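**Q** Generate a structure from the sequence data that follows.
(chains A and B)
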Number of protein chains: 2
Amino acid sequence: MQVVVPFAAETPKTRLSTVLAPSERHAVARAMLADVLDAIAEADPELDPLILSTAPIELDEYDEFTDRVPRPVVAVDDRPLTEAVNDHLVSTAEPVAIVMADLALATPEAITDVVETPGDVVIAPGRGGGTNALAVRHPEFRVDYHGASYRDHRARAREVGATIETVDSFRLGTDIDEPADLAEVLLHGRGRTAATLREWGFELETSDGRVGVDRSAADSASDF
Amino acid sequence: MQVVVPFAAETPKTRLSTVLAPSERHAVARAMLADVLDAIAEADPELDPLILSTAPIELDEYDEFTDRVPRPVVAVDDRPLTEAVNDHLVSTAEPVAIVMADLALATPEAITDVVETPGDVVIAPGRGGGTNALAVRHPEFRVDYHGASYRDHRARAREVGATIETVDSFRLGTDIDEPADLAEVLLHGRGRTAATLREWGFELETSDGRVGVDRSAADSASDF
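**A** Okay, here's the model as predicted:
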């Protein structure tokens, strides 16, 4: 199955700007993309990843990807997410999965659940009503990522007569958007994003009874 | 397996006080407890639920519980959560599961995963490093719910030589603490909590691009 991973290459992760410099937001977005691609490759080498990027990106810095077969293909489409994904859905008669690029906790097992659960439309919801991963096997289904997309996608599936299944995954439900989400990466991440944050001096902070992140001053970026 | 459900009977859900009156917080806490007990009963009628409550509670208002076999037993222990649960763990040589009472999205399938996944210690993490559901099959394991309990429970399990498994569930990962969490209940809840919130006039609110809850003024509580 083709697995589309939409990627905002240019101004990624603006809601992390209180804790990460622009260059760091780029790096962490790339690390998350790499973690997602790793999970897809380990779920099933037959899965066919396509990075749908808003701008050209180089994958060479990720050595593993260079040797991996199939190597992820990058397609550039600078339109908004919903439009770009729907254009891709129209262009193919094959089943397609769509997995968000910021699922730094994604595991091969969770990706396998999405692509192997039978159903015309299979949804792994995200917090706040999002649709973090999706498998589409119905020719008339279209996405709309604005607002409570989980609810809208279920409604759309019913409208076109598609069967709906959900995948219950904390790891796929946790997209990394805000500083508090970085705590989830430190707690549960096993990949490059967690390693990157630790290199930068991020650690769990629990002193006030709630869990957040703290960063050693010496490791803060100079271009913050 | 015995399934302990700790319940704060007296001042429940204080972080919902910006949107719910005290009597409503009591009612919603009871509805969530009922949803959790329903999920446990539907997961496996052989599971043996024990409500570990900080104060005496009556279950008669929940008709289904009155007839259900085994009927949930209520044990009163007004000590802090960690102490009360550890005292219970010490008192039994049998495997025990501990499931939080505010998991309004819990499904029988997710509960089944917790009690059937092999391992000395099986953890379903919650957001922010919590331990929302737990199965314990090791005599020396003890809980500590303060702070990032997920991390501490893993460390404790390693210390006593217990094997550790995790259950990856969005539904068990979503404990209902804050107003934003009510949106998750409206989106994904199938039980009494969702029905109660809808009766009270709560609905999803998505106008600013993020998902929250709104409440029709006519349905607000007078004792707010």
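
**Q** mind listing what's buried in stretch A:1-21?
**A** A:1, A:3-7, A:9, A:12-13, A:16, A:19-21 (16 or more other CB atoms under 10 Å in any protein chain shown). From N, CA and C alone the C-beta is placed, and that goes for glycine too.

**Q** Show the subsequent helix or strand relative to the worst-scoring helix or strand of chain A on mean pLDDT.
**A** Ranking every helix and strand in chain A by mean pLDDT, DSSP states H and E puts helix A:63-67 at the bottom, with a mean of 56. Per DSSP states H and E, the first helix or strand lying C-terminal to helix A:63-67 is strand A:73-76.

**Q** Quick check: mean pLDDT of the very next helix or strand once past that next one?
**A** Downstream of strand A:73-76, the first helix or strand assigned by DSSP H and E is helix A:81-90. Mean pLDDT, computed over helix A:81-90, is 97.

**Q** I'd like the average pLDDT over the very next helix or strand once past helix A:81-90.
**A** Counting by DSSP H and E, the element after helix A:81-90 in chain order, helix or strand, is strand A:96-99. Confidence for strand A:96-99, expressed as mean pLDDT, is 98.

**Q** Strand A:96-99 and chain B in contact?
**A** No: Strand A:96-99 does not reach chain B (CB under 8 Å from any CB of the partner chain); its nearest approach is 15.2 Å.

**Q** Which parts of chain A are strands?
**A** Listed in chain order, the strands of chain A (DSSP state E) span A:2-7, A:48-53, A:73-76, A:96-99, A:121-126, A:130-136, A:164-166, A:202-205, A:212-215.

**Q** Nearest to residue B:145 among those strands would be which one?
**A** With respect to residue B:145, and counting by CB to CB, the nearest of the strands of chain A is strand A:202-205 at 16.1 Å.

**Q** need the residues of chain A near chain B, please.
**A** Checking chain A against chain B by CB under 8 Å from any CB, the hits are A:107, A:109-110, A:124-125, A:127-129, A:146-148, A:150-151, A:168-174, A:180, A:183-184, A:187-188, A:204, A:206, A:209-211.

**Q** again, only using 6 Å
**A** Within chain A, the residues that sit near chain B (CB under 6 Å from any CB of the partner chain) are A:128-129, A:147-148, A:168-171, A:173, A:187, A:204, A:206, A:211.

**Q** a markdown table for those residues, including pLDDT?
**A** Shown next, in a markdown table, are the residues of chain A next to chain B (pLDDT from 0 to 100):
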| residue | pLDDT |
| --- | --- |
| A:128 | 94 |
| A:129 | 96 |
| A:147 | 88 |
| A:148 | 93 |
| A:168 | 98 |
| A:169 | 98 |
| A:170 | 98 |
| A:171 | 98 |
| A:173 | 98 |
| A:187 | 97 |
| A:204 | 94 |
| A:206 | 87 |
| A:211 | 85 |
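
**Q** from the residues you listed, which two are the most distant?
**A** A:147 and A:206 (33.4 Å).

**Q** Contact partners for residue A:215?
**A** A:201-202 (CB atoms under 6 Å, 6 or more residues apart in numbering or on different chains).

**Q** With adjacent residues omitted, what lies nearest to residue A:51?
**A** Using CB to CB, 6 or more residues apart in numbering or on different chains and skipping the chain neighbours, the partner closest in space to residue A:51 is residue A:74 (4.7 Å).

**Q** ok, that neighbour - contacts?
**A** Neighbours of residue A:74 in contact, by CB under 6 Å, 6+ apart: A:51, A:53, A:57.

**Q** 10 Å instead, please
**A** Neighbouring residues of residue A:74 by CB atoms under 10 Å, 6 or more residues apart in numbering or on different chains: A:5, A:7, A:9, A:49-53, A:55-59.

**Q** any idea which helix is longest in chain A?
**A** Secondary structure of chain A per DSSP state H: the longest helix is helix A:22-43.

**Q** from the contacts of residue A:74, which two are the most distant?
**A** Largest separation among the contacts of residue A:74 by CB to CB: A:49 and A:55, giving 17.9 Å.

**Q** Please say which of these two ends up with more neighbours.
**A** residue A:49 (21 against 12; other CB atoms under 10 Å in any protein chain shown).

**Q** Test my guess that the more buried one contacts residue A:34.
**A** No: applying CB atoms under 10 Å, one finds residue A:49 not in contact with residue A:34, separated by 11.3 Å.

**Q** From one end of stretch A:87-95 to the other, what's the distance?
**A** End-to-end distance for stretch A:87-95: 14 Å, by CA to CA, to the nearest Å.

**Q** Counting neighbours, which bits of that stretch end up buried?
**A** If you call a residue buried by 16+ other CB under 10 Å, then stretch A:87-95 has these buried ones: A:88-89.

**Q** does residue A:203 really touch residue A:185, like I thought?
**A** No: the criterion here is CB under 10 Å, and residue A:203 misses it with residue A:185 at 11.5 Å.

**Q** who's more crowded, these two?
**A** Per other CB under 10 Å, whichever of residue A:203 and residue A:185 has more neighbours is residue A:185, with 26 against 13.

**Q** ok, residue A:104 to residue A:182 distance?
**A** Distance, residue A:104 to residue A:182, by CB to CB, to the nearest Å: 9 Å.

**Q** So for the two, which sits in the more crowded spot?
**A** Between residue A:104 and residue A:182, counted using other CB under 10 Å, the more crowded position is residue A:104 (31 against 25).

**Q** got the contact list for the more buried one?
**A** Listed by CB under 10 Å, 6+ apart, the contact partners of residue A:104 are A:28-29, A:31-36, A:39, A:171, A:174-176, A:181-182, A:184-185, A:188-194, A:196-197.

**Q** Next, count neighbours for the closest residue to it other than its chain neighbours.
**A** Nearest non-adjacent residue to residue A:104, counting by CB to CB, 6+ apart: residue A:193, 4.0 Å away. Around residue A:193 there are 27 other residues, counting by other CB under 10 Å.

**Q** Show me the common contact partners of residue A:104 and residue A:182, please.
**A** With CB under 10 Å, 6+ apart, residue A:104 and residue A:182 have common neighbours A:28, A:176, A:189, A:193-194, A:197.

**Q** Among these, which ones are in helices?
**A** Of the shared contacts of residue A:104 and residue A:182, the ones assigned to helices by DSSP H are A:28, A:193-194, A:197.
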